[in-house]
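S.K.: this is a predicted model, with the sequence first.
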Amino acid sequence: NMSKNTRNPISWVPSVYFAMGLPFVVLNMVSVLMFKGLGISDAQIALWTSLIMLPWTLKFLWSPFLEIFKTKKFFVVLTQIVTGVGFGLVALSLQLPSFFAVCIALLAIIAFSGATHDIATDGVYMSELNKQEQAKYIGWQGAFYNIAKIVASGGLVWLAGWLFTKFSEGGGAEAQQEATVKAWMTVMLILGGVMLLLGFYHARILPSGGKQEAAQHYTASETLKRLLEVIGDFFKKKHIWYYIAFIIIYRLAEGFVMKIVPLFLKAGREVGGLGLNEQEIGLYYGTYGAAAFVIGSLLAGYYVSHKGLSKTLFSLCCIFNLPFVAYTLLAIYQPESGLLIGGAIVLEYFGYGFGFVGLMLFMMQQVAPGKHQMAHYAFASGIMNLGVMLPGSISGFVSDWLGYESFFIFTFFATIPAFLITYFVPFSYPDEIKK
């Protein structure tokens with residue numbers, strides 16, 4: 001399929017993947033710090049902020065139904081607007097006495113909307129761009145998805161910290177609680193505004209992502225039958241059980257630490273944390289961490305495209321697991337030095353960016369190929385998110401039980417299965433290498 005698009009992909013690829021990254025990282029990490037600041041316990045935070053990520057795991061269940069109605073563009077724009085309104089409502093709900101329950105319910109709706117947005121966005125990307133262009137813009141796609149993470153986990157978290165100090169000047173404990181609420185309300189309103197602006201922009205700029213000519217004749221019941229057939233086909237692939245185990249185990253240790261790292265950075269030193277405030281966390285994540293992530297991803301992309309995935313996967317896995325060494329050391333020694341803490345975060349994000357490429361490409365090139373490529377890729381990434389979500393949901397209880405230091409030592413050993421399975425994983429398709 002030659003590209004028939006008149007608009008330069010640069011006018012929509014960066015912005016639409018930015019819109020994809022924003023809600024994901026706000027739900028996954030920013031909300032963790034928000035609830036910690038508002039006095040919710042670690043175990044509750046880790047459990048509920050993991051469970052609301054479930055739509056990203058299950059999105060393959062409704063992805064075929066999106067092909068029956070309207071265009072892919074329609075769903076991209078609709079979900080951006082729903083997400084924007086959702087964040088606005090989260091801001092208002094922070095005033096309520098039972099704000100935690102209301103917030104989690106609203107964030108669950110945003111998660112459903114965000115996951116639907118992902119399917120439609122990937123659909124536009126795959127149908128508007130040919131293979132050559134897909135490879136060419138994958139760097140842009142990844143970079144802007146991660147810039148959204150930087151803006152949220154760096155910029156917005158820093159802003160919340162800054163607003164908190166501004167609102168709480170000279171007040172007692174009561175004023176501090178109120179300042180926290182006001183700071184996070186502001187941040188959530190900004191988020192809502194950004195998502196709405198993106199929705200209006202894409203309503204004008206985004207290509208339609210192909211009409212659903214072929215899909216016109218399918219009814220909902222036929223679609224269900226197709227869905228079951230697509231799922232059945234997935235499990236008939238060569239080495240599939242091995243691949244499923246690989247996808248889950250590759251990120252197992254990361255699933256454990258993901259929610260706990262920001263809690264550990266913010267927790268007081270007397271309980272084994274590092275006692276950083278929001279502004280410091282925002283700065284470390286948003287500047288050093290972000291830069292390291294982008295460099296890691298880009299380098300890994302070139303590294304793999306020259307050597308091929310089968311030769312490089314094990315080395316990618318090694319680099320992916322470097323961060324666990326860093327956090328174990330931070331938890332044992334609790335350094336004061338910003339340089340050491342910043343260094344560990346740089347190592348984490350470089351390793352994460354570099355190693356994550358391996359898993360994404362493995363799913364695209366070894367797991368997805370075949371006649372239901374898009375659905376099977378969504379299926380594989382759903383399994384991947386499940387592999388991160390399950391350890392994440394219990395991580396708060398485990399770290400409360402072990403304490404931060406023993407917890408990070410435990411996750412360090414939880415990386416061992418990943419090395420073993422990566423070393424032995426079989427390949428179904430030969431590499432395509434740039435000559």
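M.R.: Perfect, I can see it now.
S.K.: give the residue farthest from the middle of the protein.
M.R.: Gly170 (37.9 Å; C-alpha atoms, centre = their mean).
S.K.: per-residue confidence for Ala215?
M.R.: If you check Ala215, the pLDDT there is 48.
S.K.: same question for the one 10 residues further on.
M.R.: What the model reports for Lys225 is a pLDDT of 87.
S.K.: any idea which element it lies in?
M.R.: Using DSSP states H and E, Lys225 maps to helix 220-236.
S.K.: which parts of that helix are buried?
M.R.: 223, 226-227, 230-231, 233-234 (16 or more other C-beta atoms under 10 Å). Where you see a C-beta, it was placed from the backbone N, CA and C, and this is true even at glycine.
S.K.: for those, work out which two are farthest apart.
M.R.: Across those, no pair lies farther apart than Thr223 and Phe234, at 16.4 Å, counting by C-beta to C-beta.
S.K.: look up how far Gly286 lies from Ala152.
M.R.: 9 Å (C-beta to C-beta, to the nearest Å).
S.K.: looking at the two, which one has more neighbours?
M.R.: Neighbours were counted for Ala152 and for Gly286 using other C-beta atoms under 10 Å; Ala152 has more, 27 against 21.
S.K.: touching, that one and Leu27? I think so.
M.R.: No. Here Ala152 does not reach Leu27: they are 9.7 Å apart, not a contact under C-beta atoms under 8 Å.
S.K.: quick check, Ile109 in contact with Phe87.
M.R.: No. In this structure Ile109 lies outside contact range of Phe87 using C-beta under 8 Å: 10.6 Å.
S.K.: who has more neighbours, the two?
M.R.: A direct count of neighbours by other C-beta under 10 Å for Ile109 and Phe87 places Phe87 higher, at 24 against 17.
S.K.: state the mean pLDDT of stretch 257-277.
M.R.: The predicted confidence, averaged over stretch 257-277, sits at 90.
S.K.: list the buried ones in that stretch?
M.R.: 257-267, 272-274, 276-277.
S.K.: so which of the residues you listed sit within helices?
M.R.: Of the positions in these, 257-258, 260-266 sit in helices, assigned by DSSP state H.
S.K.: tell me, how many residues neighbour Gly338?
M.R.: 12.
S.K.: so who does the spatially closest residue to it that is not a sequence neighbour touch?
M.R.: Distances taken as C-beta to C-beta, 6 or more residues apart in numbering put Glu280 closest to Gly338, at 7.6 Å, once the chain neighbours are dropped. Residues counted as contacts of Glu280 (C-beta atoms under 8 Å, 6 or more residues apart in numbering) are 161, 265, 338.
S.K.: ok, then the element right after the helix or strand encompassing Glu280?
M.R.: Glu280 is part of helix 278-283, with elements assigned from DSSP H and E. As assigned by DSSP H and E, the chain's next helix or strand after helix 278-283 is helix 290-307.
S.K.: and that next one, how far out from the chain's middle?
M.R.: Helix 290-307 sits 18 Å away from the centroid of its parent chain (C-alpha atoms, centre = their mean, to the nearest Å).
S.K.: what's near enough to touch Ala292?
M.R.: Contacts of Ala292 by C-beta under 8 Å, 6+ apart are 345-350, 353.
S.K.: picking that back up, tell me the one of the ones in helices among the buried residues of stretch 257-277 nearest Phe413?
M.R.: Nearest member of these to Phe413, counting by C-beta to C-beta, is Val257, at 12.5 Å.
S.K.: wait, the closest one touches Phe408, no?
M.R.: Yes. With contact defined as C-beta under 8 Å, Val257 counts as touching Phe408 (7.3 Å).
S.K.: overlap in contacts, those two.
M.R.: 324, 327.
S.K.: can you report phi and psi for Leu206?
M.R.: phi -70, psi 130 (degrees, to the nearest 10).
S.K.: compute the number of surrounding residues for it.
M.R.: 25.
S.K.: quick one: it from Val76, how far?
M.R.: Counting by C-beta to C-beta - Leu206 and Val76 are separated by 6 Å.
S.K.: so what sits against both of these two?
M.R.: 16, 124.
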